[in-house]
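Engineer: I need the structure of the sequence given here:
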Amino acid sequence: MKSSQLRKKFLTFFERHGHKIVPSSSLLPTDPSVLFTTAGMQQFKPYYLGEKSPWGPNVASCQKCIRTSDIEEVGDERHLTFFEMLGNFSFGGPALKGVEGYFKERAIQLAHEFIVKELKLEIDYVAVFSPDKVADGDWRKGVAEDRESYEIWKKYLPENKINKEGIDNFWGPTGDEGPCGPTTEIYVNGIEIWNIVFNEFFCDKNKKLEKLPTPGVDTGMGLERLAMVIQKVLTVFETDLFSSLLIEDLKNADKRTGRIILDHIKASVFLISDGVIPSNKDQGYVLRRLLRRAMTYAKISKFSKEGPVELINKIIDLYKDQYSELESNRKKIVDVIYDERKKFGETIEKGLKELGKMEKIDAVSSFYLYQTFGLPFDIIKELKAKDLNQKEFEDELKKHQELSRTASSGMFKGGLADNKPETIKLHTAHHLLLAALQELFGKQVKQKGSNINSERLRIDFSFDRKLTDEEKKRVEDMVNEKVKEGLDVIKREMPLEKARKIGAQMEFGVKYGSIVSVYFIEDKEGNVFSKEFCGGPHVKNTSELGRFKIIKEEAVSSGVRRIKAKLE
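Structural biologist: As a prediction, this is how the structure comes out:
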């Protein structure tokens with residue numbers, strides 16, 4: 001049976017038993033305490049808390065979900081970031097006058113009927129909640145045993161197939177607070193395929209439980225796992241939800257790499273369709289991380305350039321009948337992925353080459369590769385350093401974030417008075433000026449201070465005499481030549497010692513962290529004119545600057561001169 005048939009069979013069964021079929025909600029939840037929709041019940045949370053459901057008391061859905069806690073585990077036999085969750089839900093509770101809601105008895109009866117009679121499967125065993133299996137001190141320890149579910153299951157299974165379990169059989173809440181309760185899990189072929197949650201309580205942010213006025217039912221059955229059982233394959237990646245997507249490049253990749261690429265691109269297709277764009281924060285950060293992991297593995301596996309389009313289109317074609325928004329967003333999805341590929345492609349090859357040159361990889365150097373080239377931690381670990389410590393890497397990340405917060409809370413970096421476009425242009429001109437002074441008068445010329453506003457730049461530098469008019473003209477001409485050449489301004493982050501080793505210019509008196517930002521001003525062939533420690537901001541290309549003009553050159557103190565300049 002194909003996955004599309006399974007999906008339809010589930011929804012048809014519950015429609016026949018008095019449930020309204022509700023479309024999947026977006027992957028972007030209305031609940032601000034969670035990044036993504038991770039379960040089918042999230043769109044229904046208000047109805048467990050008393051709000052009236054517009055669809056009636058009983059609904060069923062097939063919900064698209066994203067879970068990101070195990071991204072590094074994707075590639076094994078079972079972990080996924082995108083999956084579909086089949087579920088039936090009741091908000092009415094038992095025996096409410098005039099309401100046809102249901103609770104434990106009906107929920108278990110429907111589940112048993114669907115598995116045994118509709119799917120012709122045999123249940124191995126089930127599990128119910130018992131506080132005896134919960135550790136002392138856990139907030140769920142005081143919840144009573146779910147004896148009712150145990151007794152109901154005895155109508156369908158022998159007692160030796162009814163297990164009592166601890167916190168694995170107590171679900172929720174999603175987010176910081178919300179409905180929750182004991183669950184009963186159903187196992188077939190040794191795999192948990194269905195989890196039925198009985199929402200009896202409201203859990204607040206302090207993990208305090210209160211009985212809900214009206215209990216409800218919330219169930220979840222992963223389509224991928226169910227397909228694996230029905231199609232009699234060993235992993236979810238062998239079901240038609242994945243095997244039908246195997247383009248030639250994926251067939252030629254090793255098993256783990258192929259799984260990672262397929263899962264991540266599939267998740268990305270759905271995220272983009274729901275409005276997520278790659279960025280450096282929140283949902284956009286997760287999307288960028290997924291895409292860049294997939295692209296790095298694709299690069300290592302020597303994927304063809306057109307492979308992604310074929311894969312994207314296959315994914316859309318597979319799911320478009322269930323999720324029509326994929327078809328209407330087809331072009332957008334391709335464009336966003338290819339735009340990110342173009343941005344990342346400019347650095348990934350350099351990053352892999354840099355990784356190949358490194359004899360020793362530690363937390364600092366792995367963070368440098370991550371920050372500068374976007375190489376994911378797990379790829380660095382896999383290719384070069386099996387013993388790399390993730391906690392140490394994350395500590396480096398935290399240090400970097402703290403430095404960034406500290407810097408952003410004070411004055412703009414590099415002596416900037418503000419963040420106006422004119423000031424940013426003069427900041428880049430300032431780098432060109434220092435490089436020109438060193439080119440003409442030697443590397444002994446060092447920056448001693450700077451100040452930049454929207455009208456002019458000022459640089460103090462070590463030099464033991466006044467510049468002649470001819471020398472000032474040569475400085476101006478060199479800067480303007482580099483403006484005319486249209487050089488790229490590129491930020492690269494690297495370990496402090498590496499930056500020193502390559503001769504990047506440092507600002508006098510500044511203390512730097514273990515990872516530093518270096519701005520390179522270079523041509524398309526990588527010929528560098530300026531490389532300087534700096535936190536930015538800058539223009540992207542020197543062609544944006546306009547004509548450079550020295551206003552004044554004067555003495556500051558013994559051995560230190562000052563130039564003031566502007567852009568016309």
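
Engineer: Do I have it right that Glu553 meets Lys466?
Structural biologist: Yes: here Glu553 reaches Lys466: they are 7.0 Å apart, a contact under CB atoms under 8 Å. Yep, even glycine has a C-beta here, placed from its N, CA and C like the rest.

Engineer: So which of the two has more stuff around it?
Structural biologist: Glu553 (18 against 11; other CB atoms under 10 Å).

Engineer: Next up, phi/psi of that one, please.
Structural biologist: The phi/psi pair for Glu553 (degrees, to the nearest 10) reads phi -130, psi 130.

Engineer: hmm, back to that, list residues touching both of Glu553 and Lys466?
Structural biologist: Arg561 (CB atoms under 8 Å, 6 or more residues apart in numbering).

Engineer: Give me the below-cutoff pLDDT ranges for the protein.
Structural biologist: Low-confidence segments of the chain, defined by pLDDT under 70: 93-99, 399-415, 417-418, 507-512.

Engineer: Determine the three-state secondary structure at Arg458.
Structural biologist: Assigned with DSSP: H, G, I helix; E, B strand; the rest coil, Arg458 falls in the strand class.

Engineer: For it, which non-adjacent residue is closest in space?
Structural biologist: Spatial nearest neighbour of Arg458, excluding adjacent residues (CB to CB, 6 or more residues apart in numbering): Asn451 at 4.5 Å.

Engineer: Mind checking what secondary structure the one you found has?
Structural biologist: strand.

Engineer: What is the burial count for it?
Structural biologist: 16.

Engineer: Pull up the gap between it and Arg293, please.
Structural biologist: 43 Å (CB to CB, to the nearest Å).

Engineer: Over to Val489?
Structural biologist: Counting by CB to CB, the gap from Val489 to Arg293 is 28 Å.

Engineer: Equivalent analysis for Arg106, please.
Structural biologist: Arg106 is 43 Å from Arg293, by CB to CB.

Engineer: Would you mind telling me which of the two has the busier surroundings?
Structural biologist: Arg293 (23 against 19).

Engineer: List the contacts of the more buried one.
Structural biologist: Counted by CB under 8 Å, 6+ apart, Arg293 has contacts 71, 260, 264, 376, 378-379.

Engineer: for Tyr368, same thing?
Structural biologist: Contacts of Tyr368 (CB under 8 Å, 6+ apart): 493-495, 498, 515.

Engineer: so which of those residues comes closest to Ile333?
Structural biologist: Proximity of the contacts of Tyr368 to Ile333 (CB to CB) peaks at Glu493, which lies at 30.3 Å.

Engineer: In which helix or strand does the closest one reside?
Structural biologist: Assigned by DSSP states H and E, Glu493 falls within strand 488-495.

Engineer: buried ones in that strand?
Structural biologist: 489-490, 492-495 (16 or more other CB atoms under 10 Å).

Engineer: From the contact counts, what lies against the helix or strand following that strand?
Structural biologist: Using DSSP H and E, the helix or strand that follows strand 488-495 towards the C-terminus is helix 496-501. Here helix 496-501 touches strand 515-522, going by 3 or more CB pairs under 8 Å, 6 or more residues apart in numbering; DSSP states H and E.

Engineer: Now do the helices in the stretch 301-450 of the chain.
Structural biologist: 307-319, 325-328, 330-357, 363-373, 377-383, 390-409, 421-441 (DSSP state H, counting those that start in this stretch).

Engineer: what about those, which gets the closest to Glu455?
Structural biologist: helix 421-441 (7.4 Å).

Engineer: Export the closest one to PDB, keeping only CA atoms.
Structural biologist: Output in PDB follows, covering the C-alpha atoms of helix 421-441 (Å, rounded to 0.1, in the frame of the first residue of the first chain):
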ATOM      1  CA  PRO A 421      25.500  54.900   4.700                       C
ATOM      2  CA  GLU A 422      27.900  57.800   4.200                       C
ATOM      3  CA  THR A 423      29.800  56.800   7.400                       C
ATOM      4  CA  ILE A 424      30.100  53.200   6.200                       C
ATOM      5  CA  LYS A 425      31.500  54.300   2.800                       C
ATOM      6  CA  LEU A 426      34.100  56.400   4.600                       C
ATOM      7  CA  HIS A 427      34.900  53.400   6.800                       C
ATOM      8  CA  THR A 428      35.800  51.400   3.700                       C
ATOM      9  CA  ALA A 429      37.800  54.300   2.300                       C
ATOM     10  CA  HIS A 430      39.700  54.400   5.600                       C
ATOM     11  CA  HIS A 431      40.900  50.800   5.000                       C
ATOM     12  CA  LEU A 432      42.000  51.700   1.500                       C
ATOM     13  CA  LEU A 433      43.800  54.800   2.800                       C
ATOM     14  CA  LEU A 434      45.800  52.700   5.400                       C
ATOM     15  CA  ALA A 435      46.700  50.200   2.800                       C
ATOM     16  CA  ALA A 436      47.800  52.900   0.400                       C
ATOM     17  CA  LEU A 437      50.000  54.500   3.000                       C
ATOM     18  CA  GLN A 438      51.700  51.200   3.700                       C
ATOM     19  CA  GLU A 439      52.100  50.400   0.000                       C
ATOM     20  CA  LEU A 440      53.900  53.800  -0.600                       C
ATOM     21  CA  PHE A 441      55.800  54.200   2.700                       C
END
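
Engineer: From the contact counts, what lies against it?
Structural biologist: strand 447-452, strand 457-462, helix 469-485, strand 515-522, strand 528-533, strand 548-557, strand 560-567.

Engineer: between it and strand 488-495, how big is the angle?
Structural biologist: Between helix 421-441 and strand 488-495, the angle comes out at 80 degrees (axes from the mean of the first three to the mean of the last three CA atoms, to 10 degrees).

Engineer: tell me the angle of helix 421-441 relative to strand 528-533?
Structural biologist: 110 degrees.

Engineer: so how far is stretch 241-250 off the chain centroid?
Structural biologist: 23 Å (CA atoms, centre = their mean, to the nearest Å).

Engineer: Can you tell me what sits against it?
Structural biologist: With CB under 8 Å, 6+ apart, stretch 241-250 has contacts from 3, 223-224, 227, 236-237, 258-259, 261-262, 266, 298, 301, 303-304, 307, 310-311, 314-315, 318.
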